[in-house]
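**Q** Quick one: sequence plus predicted model below, questions after.
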Amino acid sequence: MAAGNSFRTYSQTMGIAALVGSMASLCIGTSFAKSLFDAVGAQGTTAYRLGFSALLLWCVWRPWRFPLSRRNALAIASYGLCLGLINFLFYMAIRTVPLGLCIAIEFLGPLSLAIFSSRRRIDFLWIGFVALGLYLLIPQSQQDVSAIDPVGVLYAVGAGIFWALYIVFGQRTRNIHPGQATSLGITVAALLVLPFGIAHSGALLLDPSFMIAGLLVAILSSAVPYSLEMISLRSLPRKTMSILLSLEPAMGALAGLVILHEQLTLAQWLAIAFIVSASIGCATTSPAPPVTDIERDKQ
C-alpha cells in the first residue's frame, strides 16, 4: 500500500446507508435553498452552497495532509467540474421548471448510465420500476410541453448529463482519501460557479442574513451529502449507485410534504412505492463491489 494514503474501506451496506443519508440531507437543503432565490438568484445561491461547503470541508478534512499525485489531481478536478455544473444547472432549471418535473428530467442522466452499464436481465426490471415511478411523479397538468419553459428544460437536461458524468468521474477517485477528494472536488466546483454568483448578485452576497441562510444551505445540501456520497462511490458498483439514486425524487416529494406542507396525490404515492421497490430490489440483487488496488494490497 502506498504510504500516506491509507484509509478505511466500507461495506456495501454502509455505502447504501450513506447514500440514503446523503439524499435526505440534500432534499431538506434544497427546500431551504429556494427561499434564497428571490434575494440572490440561483447563481448566488449556488455560490453560497459550494463556497461555504468548500470552506467547511477544508476545516474538517485538512486535505493538505494527504499526498496528491498528478493523476489523482486530474481525477478530482474532473469530479469537481461535474459537481459544479450539476449544482449550477439544476438551480437554474428550477427557477422556471416545476421541481418534480426538473428532477425527473435530470434523472434521465444516471438512469441512462444504469441502462448502458447493465449486464443482467433482472436489472432491467428495476430500471423499469424506476422509469414508471418517475413518470408518475410528473403531475398530469405538466404533460403539456408547450407550458414548460424550454430553456429551463435544457438546463435540467444538462444537469442530468453532468450527473451521469459525476458518477463516472467520482468512481475514479475511489482510491483517494474520501475527505481529500470531497473537499478538493467541491473547491473546484466553487471556483467554477463563484464568478457567476458575483456577476449576478454582487455585494448582496455579503449581507449577513443571506450569508447565514447560505451557510445552512451549504451544510445540508453539499457538505454533508457529498461527504456521504464519497463513501457510496467507493463501495457501490456504478449500476447500483445509479439506480439507488432514484430515491432522491421520492425523498423530495416527502420533504415537500413535511417541510413545505405539499399534499401528495395517489399517483405520487404509487411513484414512491415503485422507486423504493426498485431501490430495494437493486440493493438485494447487486453483486459485491469490485476489489480495489488498495484492497489487493491488504491481501
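**A** In hand now; what should we look at? Numbers count the residues shown, from 1 in each chain.
**Q** where do the helices sit along this structure?
**A** Under the criterion DSSP state H, the chain contains helices at 12-33, 37-61, 70-93, 99-106, 108-117, 121-137, 150-171, 178-201, 208-218, 224-235, 238-244, 247-258, 266-285, 293-298.
**Q** In terms of secondary structure, what does the fourth one contact?
**A** Contact partners of helix 99-106 among helices and strands, from 3 or more C-beta pairs under 8 Å, 6 or more residues apart in numbering; DSSP states H and E: helix 70-93, helix 121-137, helix 150-171, helix 247-258. In short, each C-beta sits where N, CA and C put it, glycine included.
**Q** Any buried residues in it, and which?
**A** Within helix 99-106, the residues scored as buried using 16 or more other C-beta atoms under 10 Å are Leu99, Gly100, Leu101, Cys102, Ile103, Ala104, Ile105, Glu106.
**Q** swap in stretch 106-116?
**A** In terms of neighbour count (16+ other C-beta under 10 Å), stretch 106-116 has its buried residues at Glu106, Phe107, Leu108, Gly109, Pro110, Leu111, Leu113, Ala114.
**Q** about what we covered before: I'd like the buried residues of helix 99-106 as CSV, with distance to Leu134 appended.
**A** Compiled in CSV, the buried residues of helix 99-106 are given as follows (distance: C-beta to C-beta, whole Å):
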residue, distance to Leu134
Leu99, 13
Gly100, 9
Leu101, 10
Cys102, 12
Ile103, 8
Ala104, 5
Ile105, 9
Glu106, 10
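**Q** Let me know the closest of those to Phe124.
**A** Nearest to Phe124 among the buried residues of helix 99-106 is Ala104, at 19.3 Å by C-beta to C-beta.
**Q** ok, the residue nearest to that closest one when sequence neighbours are not counted - contacts?
**A** With sequence-adjacent residues excluded and distances taken as C-beta to C-beta, 6 or more residues apart in numbering, Ala104 is closest to Leu134, at 4.7 Å. Residues near Leu134 by C-beta atoms under 8 Å, 6 or more residues apart in numbering: Ala104, Phe107, Leu111, Ser246, Pro249, Ala271, Ile275.
**Q** How many residues are close by the closest residue to the third one other than its chain neighbours?
**A** Pointing back at Leu111 there. Spatially, and ignoring its direct neighbours in sequence, Leu111 is nearest to Val130 (6.3 Å; C-beta to C-beta, 6+ apart). For Val130, the neighbour count with other C-beta atoms under 10 Å is 29.
**Q** Hmm, Val130 is touching Ala278, no?
**A** Yes: taking C-beta atoms under 8 Å as the definition, Val130 is a contact partner of Ala278 at 4.7 Å.
**Q** Quick check, pLDDT for Thr46.
**A** pLDDT recorded at Thr46 is 96.
**Q** actually Arg296, not the one I wrote
**A** pLDDT, read off for Arg296, is 32.
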